[in-house]
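**Q** Sequence unavailable; structure follows:
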């Protein structure tokens, strides 16, 4: 069956998976990746479905960095380690989600009609709403991660928060969510993820989170406590991203690539804060 918004096929071919992974890695990270052989709505749909795997890959890279920083010397405290980790994460993602967060804040905060708000978001500069939002979000991320690093939960927290925040992408691209403009990333993926693929994204996320049972020194290994806490974190983080998406649909007429990036950052931040409350 052909790809597109009306594609009811759930299982992708090996070629579709390869193209989707290449698109997801090449778009969402700086990891060198061969370009996909084709980019269409079917490829974009599967790229969003598999996005949680990208979150897991980022967690491994940043987690290894945290481990190296921790062994580099006792002078590197949790706050410094958290600042360096969040900075590295921005580098590994080209800061594209942070850029989307700033642009979305400027557009939604402008009070302008949808077409003017979208034009504000399209510009390369960052306005006052965007600056304030970026500063506050980054501060919250750093302080929350510092608490988790101090508790010995740096990598488990990053793994959970990064996987769940990338699960926000298929949620925001689920069937029925329109694109706000006829071009850009939003047009390719908006409304492209069927319920079946969204279920696959949840299963992919669960599989990516299995290492939590092996690396969570402060939690019982894959016990009911871990599952419940992970569920609470995921639920609140995804709810926050979903509410942002609903706001964008009402104000802008749909989602854009910037809104998707903002959803990732909102989910990531809420996940980290919730983890600090549950630790």
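**A** Nice, I can see it. Note that this is a predicted model, so its numbers are computed, not measured.

**Q** Following the chain onward from the helix or strand of the chain with the lowest mean pLDDT, which element is next?
**A** Taking mean pLDDT, DSSP states H and E as the measure, the chain has helix 212-215 as its least confident helix or strand, at a mean of 60. Next helix or strand after helix 212-215 toward the C-terminus (DSSP states H and E): helix 224-252.

**Q** Which neighbouring elements make contact with that following helix?
**A** The contact analysis (3 or more C-beta pairs under 8 Å, 6 or more residues apart in numbering; DSSP states H and E) places helix 224-252 against helix 96-109, helix 114-122, helix 154-172, helix 212-215, helix 257-278. Heads up, the C-betas are built off the backbone N, CA and C, glycines and all.

**Q** Please identify which of those is closest to residue 137.
**A** helix 257-278 (5.5 Å; C-beta to C-beta).

**Q** which other helices and strands contact that closest one?
**A** Applying 3+ C-beta pairs under 8 Å, 6+ apart, one finds that helix 257-278 makes contact with helix 96-109, helix 128-150, helix 154-172, helix 185-189, helix 224-252.

**Q** shaky segments in this structure?
**A** 1-12, 14, 72-75, 212-225 (pLDDT under 70).

**Q** Residues contacting the helix or strand containing residue 64, please?
**A** With secondary structure defined by DSSP H and E, residue 64 is part of helix 51-72. Here helix 51-72 makes contact (C-beta atoms under 8 Å, 6 or more residues apart in numbering) with 21, 24-25, 28-29, 31, 76, 80-81, 84-85, 88-89, 92-93, 149, 154-155, 158-159, 162-167, 169-170, 201, 204-205, 208-209.

**Q** follow-up on the earlier one: quick one, which of the helices and strands packed on helix 224-252 is packed in tightest?
**A** Neighbour counts (mean count of other C-beta atoms under 10 Å) averaged over each of the helices and strands packed on helix 224-252 peak at helix 154-172, with a mean of 27.

**Q** what's that one packed up against?
**A** By 3+ C-beta pairs under 8 Å, 6+ apart, helix 154-172 packs against helix 41-49, helix 51-72, helix 78-92, helix 128-150, helix 195-208, helix 212-215, helix 224-252, helix 257-278.

**Q** Select, out of these, the one closest to residue 108.
**A** With C-beta to C-beta, the closest approach to residue 108 among those belongs to helix 224-252: 5.7 Å.

**Q** What is the three-state secondary structure of residue 181?
**A** Secondary structure state of residue 181, per DSSP: H, G, I helix; E, B strand; the rest coil, is coil.

**Q** Need phi/psi at it.
**A** Note on residue 181: backbone dihedrals following degrees, to the nearest 10 are phi -140, psi 160.

**Q** Quickly note the distance from it to residue 91.
**A** Relative to residue 91, residue 181 is positioned 28 Å away (C-beta to C-beta, to the nearest Å).

**Q** Look up how far residue 64 lies from the nearest residue to residue 252 once chain neighbours are set aside.
**A** Nearest non-adjacent residue to residue 252, counting by C-beta to C-beta, 6 or more residues apart in numbering: residue 180, 4.3 Å away. According to C-beta to C-beta, residue 180 stands 37 Å off from residue 64.

**Q** more crowded one of those two?
**A** Using other C-beta atoms under 10 Å as the criterion, residue 180 and residue 64 rank with residue 180 on top: 26 against 11.

**Q** List the residues that contact that one.
**A** Residues in contact with residue 180, defined by C-beta under 8 Å, 6+ apart, are 114, 118, 186, 190, 248, 252, 253, 254, 255, 256, 259.

**Q** could you dump the residues you listed to CSV with distance to residue 108?
**A** Formatted as CSV, those follow (distance: C-beta to C-beta, whole Å):
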residue, distance to residue 108
114, 10
118, 11
186, 15
190, 17
248, 7
252, 8
253, 12
254, 13
255, 12
256, 11
259, 9
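
**Q** Please produce a PyMOL select command covering the buried subset of the residues you listed.
**A** Restricted to buried positions by 16 or more other C-beta atoms under 10 Å, the PyMOL selection for these reads:
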select buried, resi 114+118+186+190+248+252+253+254+255+256+259
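
**Q** With respect to residue 49, which of the contacts of residue 180 is nearest?
**A** Taking C-beta to C-beta as the measure, residue 49 lies nearest residue 190 of the contacts of residue 180, at 14.1 Å.
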